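> The sequence and its predicted three-dimensional model are supplied below.
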Amino acid sequence: MRLYVADRENGRVEIFDPNDGSFKEAWSSTVRRAFALDFPTPTQGSEDYLFIVDGPSLGGRPKPVKVYVLDMNLHGNVVEQFGNLEQPHDLVVTHQGREVFVAEITLDTVLKYVKV
């Protein structure tokens, strides 16, 4: 088991040992600013996919803000991306990973994405 932390300011996911808090590794990828993350089936201990919502650039040329799905068996490689967001704050993935809810503060709402 590992503890995954979204590091917004450095645009990475940090991974720690939950027993002693020791740092294991960090992933930097196409996610600019990892605002929040969630696993679809944490109650079953499955860590096959990690969902991350990124955030807007602090400067420079803006890129689209999206939800990214990372394959944990491929060391965090992005296997899917979706959404067209402005200022996401958090996300939650349902038990089987079929629905993703994103808190969007620009629209003052929660957006729902359904995988078909």
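Ah, there it is.
> what are the C-alpha coordinates of stretch 14-22, in PDB please?
Extracted C-alpha coordinates of stretch 14-22, given in PDB (Å, rounded to 0.1, in the frame of the first residue of the first chain):
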ATOM      1  CA  GLU A  14       4.300  12.300  -4.600                       C
ATOM      2  CA  ILE A  15       4.200   8.800  -3.300                       C
ATOM      3  CA  PHE A  16       4.900   7.800   0.400                       C
ATOM      4  CA  ASP A  17       4.900   4.800   2.600                       C
ATOM      5  CA  PRO A  18       1.900   5.200   4.800                       C
ATOM      6  CA  ASN A  19       3.500   3.200   7.700                       C
ATOM      7  CA  ASP A  20       6.500   5.400   8.300                       C
ATOM      8  CA  GLY A  21       5.900   8.400   6.000                       C
ATOM      9  CA  SER A  22       9.000   7.800   4.000                       C
END
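> for it, which positions count as buried?
Buried residues in stretch 14-22, counted by 16 or more other Cβ atoms under 10 Å: 14, 16. Where you see a C-beta, it was placed from the backbone N, CA and C, and this is true even at glycine.
> Any idea how far it is from the middle of the chain?
Counting by Cα atoms, centre = their mean, to the nearest Å, stretch 14-22 is centred 18 Å from the centre of its parent chain.
> number of nearby residues for Val93?
23 (other Cβ atoms under 10 Å).
> All the strands of the protein, residue numbers only.
Counting by DSSP state E, one finds strands in the chain at the ranges 3-7, 12-16, 23-28, 34-38, 49-54, 65-71, 77-85, 88-93, 99-104, 109-114.
> Show me which residues of the third one are buried.
Residues Trp27 are the ones in strand 23-28 that count as buried (16+ other Cβ under 10 Å).
> quick check: mean pLDDT across that strand?
Across strand 23-28, pLDDT averages out at 87.
> So in that sheet, which strands flank it, and in what orientation?
Strand pairing for strand 23-28, using DSSP bridges, gives strand 12-16 (antiparallel).
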